[in-house]
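Student: Give me coordinates for this.
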Amino acid sequence: MHLMKWALLGLMSLAVPTPLARYRSWHELTKVPRLVPYVASTACMAPSTPITNPHEDRWIRVYANQVALEAMQAQSDFPPGSVVAKEKLLRADGEPEGLAFMIKHGKGSFIKSGGWEFRFYPSDGAPLADERCGACHRAGGGRDYVFAKLEAGH
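Tutor: Residues are numbered from 1 along each chain as shown. Next up is the predicted model:
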């Protein structure tokens with residue numbers, strides 16, 4: 001898969017596969033950046049990310065591709081091809097410190113996580129795929145491992 005540097009966001013060291021790098025053209029599920037308490041946000045970050053202040057909250061923006069959006073609107077399970085993207089922000093008005101993606105695959109793939117592949121692209125390190133993401137999303141995700149919901153007006 002062709003990789004491109006994601007310089008548009010100022011994340012010069014962040015290499016995101018081209019199809020995923022277009023996530024900002026997808027449907028934004030959060031009308032404004034959403035506050036995430038620090039304790040919850042630390043569960044969803046690269047293992048090497050230093051904890052700077054345990055009282056500092058984080059912000060997220062969430063996007064869904066058309067396949068995922070249609071599943072959310074129909075309140076059905078997500079079919080293969082669904083992708084949900086999450087920008088992780090230090091400040092509501094800041095640039096992403098990383099990008100997380102959930103990518104739904106067909107039956108027989110990523111069995112431990114219900115067919116979902118989890119990828120994280122930190123701004124200051126190598127991309128990673130982490131099975132811990134699936135365990136958390138299985139326990140807390142509202143429907144089919146997904147926490148995000150459509151806000152009013154979508």
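Student: Quick check: A100 touching K86?
Tutor: Yes - using CB atoms under 8 Å, A100 is in contact with K86, at 4.4 Å. All C-beta atoms are positioned from the backbone trio N, CA, C, and that covers glycine.
Student: Count residues in the vicinity of the spatially closest residue to A71 that is not a sequence neighbour, would you?
Tutor: Once flanking residues are discounted, A71 sits nearest to F78: 4.6 Å by CB to CB, 6 or more residues apart in numbering. Using other CB atoms under 10 Å, F78 has 23 neighbouring residues.
Student: isn't there a strand covering F78?
Tutor: No - read with DSSP: H, G, I helix; E, B strand; the rest coil, F78 is coil and lies in no strand.
Student: distance of it from P33?
Tutor: Relative to P33, F78 is positioned 24 Å away (CB to CB, to the nearest Å).
Student: Likewise for K112?
Tutor: 31 Å.
Student: between the two, who's got more neighbours?
Tutor: P33 (17 against 10).
Student: For the more buried one, give me its contacts.
Tutor: By CB atoms under 8 Å, 6 or more residues apart in numbering, the contact set of P33 is W59, I60, R61, L89, A92, D93.
Student: Now E87: which helix or strand?
Tutor: Here E87 is covered by strand 83-89, with elements defined by DSSP states H and E.
Student: ok, that strand: who's next to it in the sheet?
Tutor: strand 58-64 (antiparallel), strand 96-104 (antiparallel) (DSSP bridges).
Student: what does stretch 113-122 contact?
Tutor: 6, 14-16, 20, 45-46, 48-49, 80, 97-107, 109-110, 127-131, 133-135, 137-138, 144-145.
Student: May I ask which helix or strand of the protein has the lowest mean pLDDT?
Tutor: In the chain, the helix or strand scored least confidently by mean pLDDT, DSSP states H and E is strand 3-5, which has a mean of 36.
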